[in-house]
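Trainee: have a look; sequence and predicted model below, questions after that.
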Amino acid sequence: MKPETFFLTDRYPELGKGPVPLEPYVSPEYYQREKAQIFKKTWLQVGRVEEISQPGDYFVKELAACDTEIIVVRNKAGQIRAMHNVCAHRMNQLVYDKCGHTRKFFCKFHGWAYDLDGKLTGVPDEDCFFDMKREDYGLAQVSCDVWQGFIFVNMDPQPAQSLAEFMRPVYGEVEGYPFDKLTCGFQWTSVVNCNWKLALDAFQEAYHVAYVHGRSIADAIDRSEGGSMRPLDVVCGDLHRRLSLAGNQKSVYGNPKAATSGGAAAEQALAESAQTRPIAAAALRAAIGSAKHEFPLDALPKGVNWTNSENWLFDINVVFPDFYVSLRPNYCQAYNFRPLSHNKTLFEGRVYYPEMTTAGGRFFLEYMKVALRDVLLEDMSTLERTQRAAETGAKSHMILQDSEILVRHGAHVVDRLVAAAL
Ligand code: FES
Ligand SMILES: [Fe+2]
């Protein structure tokens, strides 16, 4: 056992160190309370500004935990707006597509038309209605704002906090990360039969890497601190949480700056992996010098790699409640764990890389796409089994070690908010 004073958990006495109850992972009633106390009241990430870059571009998101579906659109003035996808006449679903470009939204039931701000602008046979005022029958608006290019919505018409106030306490010093130099390289969507917290938990600790990822990326583990992947540091805020990790710089996956920086970083990454992982090494060699932008480590905002580790691998960032962003010097993963029911989760994962300017660079991206797909499948391999096992009732609590502190913090924050309503 480590000396008591070295436990990260000691910094957060409010979290305790005891076993954590399983009821929040298996109870339909608890999920109903989460919907009311969390999902209908907080900021939820729904996309990025690049997805709707032109006025008239829109996408539609179903938000089961908020019992609604929303349209997110860029209006004529270039602002991003969100509204419920519900016609104000007799409630038909207004937009049927998942995304598109339009001048107006036309309801397919009786032809009512709305502009890009949701204002009612056209009503067939309008003079047959009784004293109807158009301004009373626009689309129901949803609070919407943008942080670092990520679009967030909030079902509360008057959110208790602005998005900036929500993000700043934990992520203020991450602002300035070069999100705008990255494009969405690849993405996956999957419905997983498990609770949303159980899915998220598998991504907010690195204790599992040596085992679940034993055959894929376990060579990326920095072994200097012992066998498993202990955090460099953690931050547990009022809602959000972060964890920084070191990696083995002599591996392709563990040295994230090799592909864009080349030089000494690439030599270090290739020193051993050329023999042990020849395909990964070949992909890396093909990519060197191909990224459209440079990503010097000293240009990163100080909240990224905040311990200034020379062996830094990436930071895990969990934006409450269900948004995970891992930040590396030159690429990032943005995952949503969106609840569909108490034991069903919609996973939406996007990986953002810099554009590659050569065929070799694009080959590297294809290689990373397949490599990360395998890693994700490994992560997902435990989820449905764990959910089914938790639902047996054989155990009522789980036990967590110090490196799993983000799991403990996540459960603690949800429980605090859910209990506040009782
Ligand atoms: S329900 Fe949309 S126009 Fe009638
Ligand atoms: Fe994992």
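Mentor: Great, that's in hand. Bear in mind that the values here come from a model prediction, so they are computed numbers and not experimental data. Ligands and ions are numbered 1, 2, ... in the order given.

Trainee: and the strands in the stretch 151-300 of the chain?
Mentor: Counting by DSSP state E, counting those that start in this stretch, one finds strands in the stretch 151-300 of the chain at the ranges 183-192, 233-236, 241-246.

Trainee: wait, Lys98 touches Tyr58, no?
Mentor: No: counting by CB atoms under 8 Å, Lys98 stays clear of Tyr58, with 9.7 Å between them. Using the backbone N, CA and C atoms, a C-beta is placed for each residue, glycine as well.

Trainee: against ligand 1, how distant is the residue nearest to Ile217 when sequence neighbours are not counted?
Mentor: Distances taken as CB to CB, 6 or more residues apart in numbering put Tyr253 closest to Ile217, at 4.6 Å, once the chain neighbours are dropped. Remark: distance between Tyr253 and ligand 1 (CB to the nearest ligand atom, to the nearest Å) = 51 Å.

Trainee: which ones are touching Tyr253?
Mentor: Counting by CB atoms under 8 Å, 6 or more residues apart in numbering, Tyr253 makes contact with 217, 219-220, 247, 280, 371.

Trainee: and the residue of the stretch 251-400 of the chain nearest ligand 1?
Mentor: Residue nearest to ligand 1 within the stretch 251-400 of the chain: Leu340 (26.1 Å; CB to the nearest ligand atom).

Trainee: neighbours around that residue, how many?
Mentor: The tally of other residues near Leu340 (other CB atoms under 10 Å) stands at 16.

Trainee: so it is in which element?
Mentor: Element membership for Leu340 (DSSP states H and E) is strand 332-341.

Trainee: for Phe110, what are its contacts?
Mentor: Check again: residue 110 is His, not Phe. With CB under 8 Å, 6+ apart as the criterion, the residues that contact His110 are 89-90, 124.

Trainee: can you do 6 Å?
Mentor: His89 (CB atoms under 6 Å, 6 or more residues apart in numbering).

Trainee: and if you look at Pro231?
Mentor: Applying CB under 6 Å, 6+ apart to Pro231 gives the contacts 243, 403.

Trainee: so how far is Pro19 from it?
Mentor: Shown here: Pro231 relative to Pro19, a distance of 21 Å by CB to CB, to the nearest Å.

Trainee: what does Phe323 give?
Mentor: Using CB to CB, Phe323 is found at 27 Å from Pro19.

Trainee: okay, these two: which has more neighbours?
Mentor: Ranked by neighbour count (other CB under 10 Å), Phe323 and Pro19 place Phe323 first, with 22 against 12.

Trainee: let me know whether that one touches Trp43 as I believe.
Mentor: No: between Phe323 and Trp43 there is no contact under CB atoms under 6 Å: 9.1 Å.

Trainee: right, and Ala65 touches Pro339 too?
Mentor: Yes: between Ala65 and Pro339 there is a contact under CB under 6 Å: 4.5 Å.

Trainee: per-residue pLDDT, the closest residue to Pro21 other than its chain neighbours?
Mentor: Distance criterion CB to CB, 6+ apart; nearest residue to Pro21, sequence neighbours excluded, is His397 at 5.5 Å. Here the pLDDT value assigned to His397 is 98.

Trainee: alright, that wraps it up for me.
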